[in-house]
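Engineer: what follows is a predicted structure for the sequence shown.
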Amino acid sequence: MSKTVIAKYSVAGEQFEIFVDSDLAYDYITGKRADPMSVLAFEGIFTDANKGDKPSQDKIKKAFGTTEVPKIVETILKHGNVPITTDQRNRLMEDKRKQIANIIARNSIDPRTNAPHPLLRIENAMEAAKLQIDPFKNANEQVDAVVKKINLTLPIKFATAKIEVTLPAEYANRSFGLLKQYGLKAEEWQSNGSLKAVVEFPAGLQGEFFEKLNSFTKGNAMTKMV
């Protein structure tokens, strides 16, 4: 059975509340549901949902900058307090932990080797550090705090990789889209149809890039760091 809970949002000394289905609200928070209105158990914006007290349109406009209900509901769901079950909270925390680990893996290297850290190594370091992950806070906003903690045992350096790629004529055209995907910064087409290009992207993606490039060119691309 669905469970109706009250989501609350406070701004400028005023509190606003909505009735939501906790399961549908969880789906919205985790990106599985796009329409904020679809999570409402009952329509309406309240100052006290249990009593049925509603704010004036002026108060709503002042607090949210709009009186459009979908935008107001979206703000409350994204920035307010939405009650969820312990199981939902654990799942949300695990999802957020994976997001943070992926961000670090994509954008960083091991300064001792200048090679990317495997994702599993970062996840293990996060687990060993017994980090407190906020399930409701944006993953990008938590990265710095996480890196500061795990840096004590796992050196992390955020960096970009700038790579010069030389492609034989027979692979140049078919590989050009891949180069654009990974941040094409310069291109120089040769008279024989070959291509010399420079790409720049988050350093943690080096392994992924080289694997795809080798697949596109059957190992015939020449690369060097610049």
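Structural biologist: Sure, I can see it. Numbering: from 1, shown residues only.
Engineer: give me the domain ranges for the chain.
Structural biologist: 4-79, 86-158, 160-225 (automatic domain parsing).
Engineer: can you give me how far the shortest one is from the chain middle?
Structural biologist: Put plainly, it is domain 160-225. Distance, stretch centre to chain centre, for domain 160-225: 26 Å (Cα atoms, centre = their mean, to the nearest Å).
Engineer: any idea how far apart the tips of that domain sit?
Structural biologist: 11 Å (Cα to Cα, to the nearest Å).
Engineer: do the same with the longest one
Structural biologist: End-to-end span of domain 4-79 (Cα to Cα): 19 Å.
Engineer: ranges for the helices of this structure?
Structural biologist: 22-29, 57-64, 69-79, 86-107, 119-128, 139-150, 169-181, 206-217 (DSSP state H).
Engineer: can you pull the pLDDT of residue 2?
Structural biologist: For residue 2, the pLDDT comes out at 57.
Engineer: likewise residue 135?
Structural biologist: pLDDT, residue 135: 85.
Engineer: and the gap between it and residue 100?
Structural biologist: Distance of residue 135 to residue 100, computed by Cβ to Cβ, to the nearest Å: 11 Å. No exception for glycine: its C-beta is placed from N, CA and C like everyone else's.
Engineer: so for those two, which sits in the more crowded spot?
Structural biologist: Neighbours were counted for residue 135 and for residue 100 using other Cβ atoms under 10 Å; residue 100 has more, 24 against 17.
Engineer: surely that one meets residue 132?
Structural biologist: No - using Cβ atoms under 8 Å as the test, residue 100 is too far from residue 132 to be in contact (11.9 Å).
Engineer: so where's this protein uncertain?
Structural biologist: 1-2 (pLDDT under 70).
Engineer: 50 instead, please
Structural biologist: Along the chain, segments meeting pLDDT under 50 span 1.
Engineer: stretch 25-42: how far from the chain's middle?
Structural biologist: The answer for stretch 25-42 is 18 Å, by Cα atoms, centre = their mean.
Engineer: and the contacts of that stretch?
Structural biologist: For stretch 25-42, contacts defined as Cβ atoms under 8 Å, 6 or more residues apart in numbering pick out 2, 4-5, 7, 18-21, 24, 69-70, 73-74, 77-78, 82, 84, 88, 91-92, 95, 136.
Engineer: okay, now residue 201: neighbour count?
Structural biologist: Residue 201 has 20 nearby residues by other Cβ under 10 Å.
Engineer: pretty sure it sits against residue 180.
Structural biologist: No - counting by Cβ under 8 Å, residue 201 does not reach residue 180; the two are 11.2 Å apart.
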